[in-house]
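Peer 1: only the shape, not the letters, is given here:
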């Protein structure tokens, strides 16, 4: 096995990391976005005399670096006050539930709106309350720290009417949450539990937890490693070429 192969595997792994970094940077301004972190692993090549599965320089088994999986960083983003009645943010762990044609999905994006029928929605998808989709009548929307949503009528002196509660869900195994696009997550096998500790803030949104400076530094490191891998592969090819030519002349 040529020395260039393990180096090439490392270059391919760095390319996968670069794709994650690029996606993180693209979502710096996405409300409630959670950045992804690449996890790698080393695979020891099997010893095979016909393939020569060892490093020709130090004589040890060759190790291949490969992309293993992605881990989502659920650390909180900064809370930004918007003053919009239907914008809500979560302080603490947890996600909102959203109803989609594919089933319930979860998100930290609390930039909700009302559709023409008065249905509280995230984009085209209804927000799930304790009693199901939430329809709001005309009036002043009030949301307390527990997610209880009430509407005060337009008539002077009218009392707020409690409509429903927007629950915040936590998960026993957060790593089971899988991104499915649109800043939404799905979870295999359920496992969503209403949170008793999270606080809901009306008139605010949670920003992305992507730190652009950190991601740019990581991007530069990846580019340098990738370039070093390319040079190592080129050097290995040159050595192999010279060896073949010299051995040919000696023969």
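Peer 2: Received, thanks. Predicted model, so just to flag it, every value in this text is computed and none were measured.

Peer 1: quick one: residue 215 and residue 23, what's the gap?
Peer 2: Distance, residue 215 to residue 23, using CB to CB, to the nearest Å: 10 Å. Where you see a C-beta, it was placed from the backbone N, CA and C, and this is true even at glycine.

Peer 1: and what of residue 70?
Peer 2: 10 Å.

Peer 1: how about the contacts made by residue 134?
Peer 2: Residues in contact with residue 134, defined by CB atoms under 8 Å, 6 or more residues apart in numbering, are 119-120, 126-128, 149, 163-164, 166.

Peer 1: strands along the stretch 1-150 of the chain, start to end?
Peer 2: For the stretch 1-150 of the chain, the strands defined by DSSP state E, counting those that start in this stretch occupy 36-44, 63-72, 79-81, 88-91, 96-100, 103-107, 113-114, 120-122, 125-126, 128-129, 132-133, 140-143, 148-152.

Peer 1: quick one: list the elements packing against whatever helix or strand comes next after the last one.
Peer 2: Reading on from strand 148-152 to the C-terminus, the next helix or strand found by DSSP states H and E is strand 161-165. Under the contact definition 3 or more CB pairs under 8 Å, 6 or more residues apart in numbering; DSSP states H and E, strand 161-165 sits against strand 128-129, strand 148-152.

Peer 1: deepest of the ones you listed, which one?
Peer 2: strand 128-129 (a mean of 20; mean count of other CB atoms under 10 Å).

Peer 1: partner strands of it, with direction?
Peer 2: According to DSSP bridges, strand 128-129 forms sheet pairs with strand 132-133 (antiparallel).

Peer 1: ok, residues contacting the partner strand?
Peer 2: 99, 119-120, 126-127.

Peer 1: just stretch 26-37 next, same as before
Peer 2: So stretch 26-37 is contacted by 20, 23-24, 70-75, 77, 107-111, 179, 183, 205-210, 212, 215 (CB under 8 Å, 6+ apart).

Peer 1: so which of those residues sit within helices?
Peer 2: 20, 23-24, 212, 215 (DSSP state H).

Peer 1: biggest separation within these, which pair?
Peer 2: By the measure CB to CB, 20 and 212 form the most distant pair in the ones in helices among the contacts of stretch 26-37, at 14.4 Å.

Peer 1: neighbour-wise, which of the two wins?
Peer 2: residue 20 (18 against 12; other CB atoms under 10 Å).

Peer 1: returning to what we had before: possible to save the ones in helices among the contacts of stretch 26-37 as TSV with pLDDT?
Peer 2: Formatted as TSV, the ones in helices among the contacts of stretch 26-37 follow (pLDDT from 0 to 100):
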residue	pLDDT
20	91
23	95
24	95
212	96
215	94
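
Peer 1: surely residue 140 meets residue 85?
Peer 2: Yes: in terms of CB atoms under 8 Å, residue 140 counts as a neighbour of residue 85; the distance is 7.2 Å.

Peer 1: what about the two, which has more around it?
Peer 2: The neighbour comparison of residue 140 against residue 85 (other CB under 10 Å) goes to residue 85, with 15 against 12.
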